[in-house]
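Enquirer: got a predicted structure here, sequence first:
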Amino acid sequence: MEYALETTSLDALQADCLIIGVYQDQQLTDSAASLPESTRNVISKVLARGDNKGAIGTTLLINALPDSGIERVLLAGLGEHKALTGKNFRKALQAVFASLKKSQIKTVTCTLADVDVINGDRQWKTRQIIEIVNDTAYQFTAYKSNKDLDFTIEKISITAPTSELTQAQLGLSQGTAIADGINLTKLLGDLPGNICTPTYLAEQAIELGSQYDKLSINVLEEADMEQLGMGALLSVSRGSRQPAKLITLDYQGGDKNAKPIVLIGKGLTFDAGGISLKPGLGMDEMKYDMCGGATVLGTLKAAAEMKLPLNIIGLIPASENLPDGDANKPGDVLISMSGKTIEVLNTDAEGRLLLCDTLTYAERFNPDVVIDMATLTGACLVALGRVPSGLLGNNDELCNALLAAGEVANDSLWRLPLWEEYQEQLKSNFADLANIGGKDAGTITAACFLSHFAEKFNWAHLDIAGTAWRTGQNKGATGRPVPLLTQYLLNRAYG
Ligand code: BES
Ligand code: MN
Ligand code: ZN
C-alpha cells in the first residue's frame, strides 16, 4: 500500500474515488465546498433522495460523475453535525474502507482528515486513517493457494491544507511505521505453531535487527539460561522438543546514559497446558500465546522506523508448553533465577514461569520502567471481555501514563487492583510461592505472582488474553497492544 498526502484543490483533482463526509442534516463537510459545481449538484440530488441519511458507519458510492477528474465519490456518514468523538471518527473510517473491499477502485483520495474531531489534531487524524486502512487491508494468505486479496486499493492519498502539512507529514510517517509494526505482530501471531517456534521467533528478531543500525539482537540458548539459574523458565521448555530462547532486542536511539524502557513479551509459541492438559475445543488458538512477544517485535520495529530518541530493551522468553516426558508435573518445585522457589500446582500457568525469570533478568538493564505483556489468563477474558487489556502495576505514574496512551491510541486498558490481600492466595506449603492462586481473581493473582519478581523497579503488567486476537469466524491476530505501546513511547519521546 502506498500512502501520500494531497494538497491539490478538489476542483483540480484527478482521482478514481474521492471520500467525502456527510452529516445527518445532509450537509457535506467543509472540504466539499471546493468540489466542481457539477459534482456538487449530483451529490445534492442523491442526498435529497434520502439515500444516505448521514448516520455514523453508513456509506454511499456514487459511481459515475459528469465532466470531472473525479471518477467516483464515496459519501461517508458522520452523524450529528458537530465535532466527532475519536471513536466515531474511527467508526466512520472503518465503514468507508470496509465498503471498498472487492471493488475495482485502485486509488483513493480521502478528505476525512479535514473533519473536526474532539482531541484529534491533523497528525492524529492522518495517522488513524493509515492505521485503519492497514487494518482493513491485512489478510493472512501465507498458506492459501489463492492469494488474491479482498482489498485491492493500491494508493491512498490523504488531503491536507498546506498550512498543516508538517503535522500531516508527521502523522503519515508515524502511521506507516506503526502500521508496519502492527502487521509484523499480526503475521507472527497468525503463523501456525509448527512454523512459528521459539527458534523462528529468534530468527525473526535477528532479521529485524539487520534492518536497523540502532537495533541489536542477542539470543540466549538453554545452556546460557541454565548458567543464569533460570529454573522457572527452563522447566516449561523441558516439556517440549523445541529449545527455549530468550531474545533480547536492544534499541539505542537515546542518550548513551539514559535508562532504558524495558518491554517484556510472553513468547509461548504453543500452549497445550503441559501435563495439566487443556481441553481440545479451541486449543488451536493457543498458537496466539506468543502475541506478547510478537508485540515486542512489532513495537521495536515501529520505534526503530520512527527513529525514536529513546533507549528501549525488548525481552522475549520463547518456549512451547507441551506434555513431553520431562515436562513439569503438578507438585514439582522449581528454583527461579531470583532464588525464590515455586510450587507448580498447575502446569498450564506457565506464562508466569517464563516471565518471572525474565523480570529478574531485566534488573541488569537498570530499567527506568518495565512493562510486560502477556496472554496470561483466561480470567481476564471473563472479567473484561475483548475490549480493554488488563493493567496491573506497582507504580501509579507509569499506570496512568499507559492508561492515557491507550485512550489516544484507541487501544484501551482497565486497571485492576494489586492489593496485599490477594497475596494470601499464592501461599504454598512446600515452596515460597504457588504458581496459581485458586479460582477467584485469576488475573490479579497472576499479577501478584509476577510482582514478587518486579520489586526492584517501576513495573506494569498488561494481560492481553482478550485483546491480542479475535475468535470465531473472523479469527486472527489484532496487533494489539502495539498501538498503545507506540503511543506511550511517542509520549515519552516528545510528550
Ligand atoms: N495462555 C493461557 C491463558 C489464556 C487462556 C489466554 C485463554 C487466552 C485465552 C495461560 O497460559 C493459561 O493457561 N492460564 C491458565 C491459568 C490457570 C491455570 C491459573 C488459565 O487462564 O486457565
Ligand atoms: Mn497455559
Ligand atoms: Zn499460556
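Expert: In hand now; what should we look at? Ligands and ions are numbered 1, 2, ... in the order given.
Enquirer: and the nearest residue to Gly79 once chain neighbours are set aside, what does it touch?
Expert: In space, and not counting its chain neighbours, Gly79 is closest to Ile56: 4.1 Å by CB to CB, 6 or more residues apart in numbering. (Each C-beta comes from the backbone N, C-alpha and C, glycine too.) By CB atoms under 8 Å, 6 or more residues apart in numbering, the residues touching Ile56 are Gly77, Leu78, Gly79, Asn88, Lys91, Ala92, Ala95.
Enquirer: torsion angles phi and psi at the residue of the chain found nearest ligand 3?
Expert: Here the chain gets closest to ligand 3 at one residue, Asp271, 3.7 Å apart by CB to the ion. The phi/psi pair for Asp271 (degrees, to the nearest 10) reads phi -110, psi 100.
Enquirer: from memory it sits against Gly282, does it?
Expert: No: the pair Asp271 / Gly282 is not scored as a contact, 11.7 Å apart, by CB atoms under 8 Å.
Enquirer: neighbour-wise, which of those two wins?
Expert: Set Asp271 next to Gly282 and count neighbours by other CB atoms under 10 Å: Asp271 wins out with 25 against 10.
Enquirer: so what's the more buried one up against?
Expert: Contact partners of Asp271, counting by CB under 8 Å, 6+ apart, are Lys278, Met286, Asp289, Glu320, Asn321, Asp348, Glu350, Gly351.
Enquirer: now Asp25
Expert: Going by CB under 8 Å, 6+ apart, Asp25 touches Gly54, His81.
Enquirer: what secondary structure does the residue nearest to Lys53 when sequence neighbours are not counted sit in?
Expert: What sits nearest to Lys53 in space, not counting adjacent residues and going by CB to CB, 6+ apart, is Gln24, at 6.5 Å. Under DSSP: H, G, I helix; E, B strand; the rest coil, the three-state class of Gln24 is coil.
Enquirer: tell me, how many neighbours does Gln24 end up with?
Expert: 16.
Enquirer: same thing with Thr162?
Expert: With other CB under 10 Å as criterion, Thr162 counts 9.
Enquirer: element containing Val370, please.
Expert: Using DSSP states H and E, Val370 falls within strand 369-374.
Enquirer: next: Leu268.
Expert: Using DSSP H and E, Leu268 falls in strand 267-271.
Enquirer: now do the next helix or strand after that strand: which elements does it pack against?
Expert: Sequence order places helix 291-305 as the next helix or strand after strand 267-271, per DSSP H and E. Helix 291-305 sits against helix 165-190, helix 198-211, strand 245-252, strand 261-265, strand 267-271, strand 311-321, strand 369-374, helix 482-494, with contacts defined as 3 or more CB pairs under 8 Å, 6 or more residues apart in numbering; DSSP states H and E.
Enquirer: which one of the contacts of Ile56 is nearest to Thr126?
Expert: The shortest approach to Thr126 among the contacts of Ile56 belongs to Ala92, at 15.0 Å (CB to CB).
Enquirer: which residue is the nearest non-sequential neighbour of the closest one?
Expert: That would be Ala76: by CB to CB, 6+ apart, it lies 5.2 Å from Ala92.
Enquirer: measure Asn435 to Met283 for me?
Expert: Computed as CB to CB, to the nearest Å, the Asn435 to Met283 distance reads 21 Å.
Enquirer: name the residue in these two with the higher neighbour count.
Expert: Using other CB under 10 Å as the criterion, Asn435 and Met283 rank with Asn435 on top: 28 against 14.
Enquirer: check which helix or strand covers the residue nearest to Gly79.
Expert: Under the criterion DSSP H and E, no helix or strand holds Ile56.
Enquirer: show me where the stretch 301-450 of the chain has its strands.
Expert: With DSSP state E, counting those that start in this stretch, the ranges of strands along the stretch 301-450 of the chain come out as 311-321, 333-335, 341-343, 369-374, 389-393, 413-415, 433-434.
Enquirer: okay, those strands in JSON lines with mean pLDDT, mean neighbour count and distance to ligand 1 next?
Expert: Output for these, formatted as JSON lines (pLDDT from 0 to 100; neighbours: other CB atoms under 10 Å; distance: least, CB to the nearest ligand atom, whole Å):
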{"stretch": "strand 311-321", "mean pLDDT": "99", "mean neighbour count": "27", "distance to ligand 1": "7"}
{"stretch": "strand 333-335", "mean pLDDT": "99", "mean neighbour count": "18", "distance to ligand 1": "16"}
{"stretch": "strand 341-343", "mean pLDDT": "99", "mean neighbour count": "21", "distance to ligand 1": "13"}
{"stretch": "strand 369-374", "mean pLDDT": "99", "mean neighbour count": "28", "distance to ligand 1": "8"}
{"stretch": "strand 389-393", "mean pLDDT": "99", "mean neighbour count": "25", "distance to ligand 1": "11"}
{"stretch": "strand 413-415", "mean pLDDT": "99", "mean neighbour count": "19", "distance to ligand 1": "16"}
{"stretch": "strand 433-434", "mean pLDDT": "98", "mean neighbour count": "22", "distance to ligand 1": "10"}
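Enquirer: so which of the ones you listed gets nearest Arg480?
Expert: Taking CB to CB, strand 389-393 is the member of those nearest to Arg480, at 6.9 Å.
Enquirer: give me the angle between the closest one and strand 369-374.
Expert: 140 degrees (axes from the mean of the first three to the mean of the last three CA atoms, to 10 degrees).
Enquirer: who touches strand 389-393?
Expert: Around strand 389-393, the neighbours that count as contacts under CB under 8 Å, 6+ apart are 373, 380, 383-384, 399, 402-403, 406, 411-418, 443-444, 447, 458-467, 480-481, 484.
Enquirer: buried among the residues you listed? Make that a PyMOL selection.
Expert: Buried subset of the contacts of strand 389-393, written as a PyMOL selection, criterion 16 or more other CB atoms under 10 Å:
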select buried, resi 373+380+383+384+399+402+403+406+411+412+413+415+416+418+443+444+447+458+459+460+461+462+463+464+465+466+467+480+481+484
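Enquirer: and Asn63, which of the strands of the stretch 301-450 of the chain is closest to it?
Expert: Using CB to CB, the nearest of the strands of the stretch 301-450 of the chain to Asn63 is strand 389-393, at 41.3 Å.
Enquirer: quick check: angle from the closest one to helix 482-494?
Expert: Using the same axes, to 10 degrees: strand 389-393 against helix 482-494 is 40 degrees.
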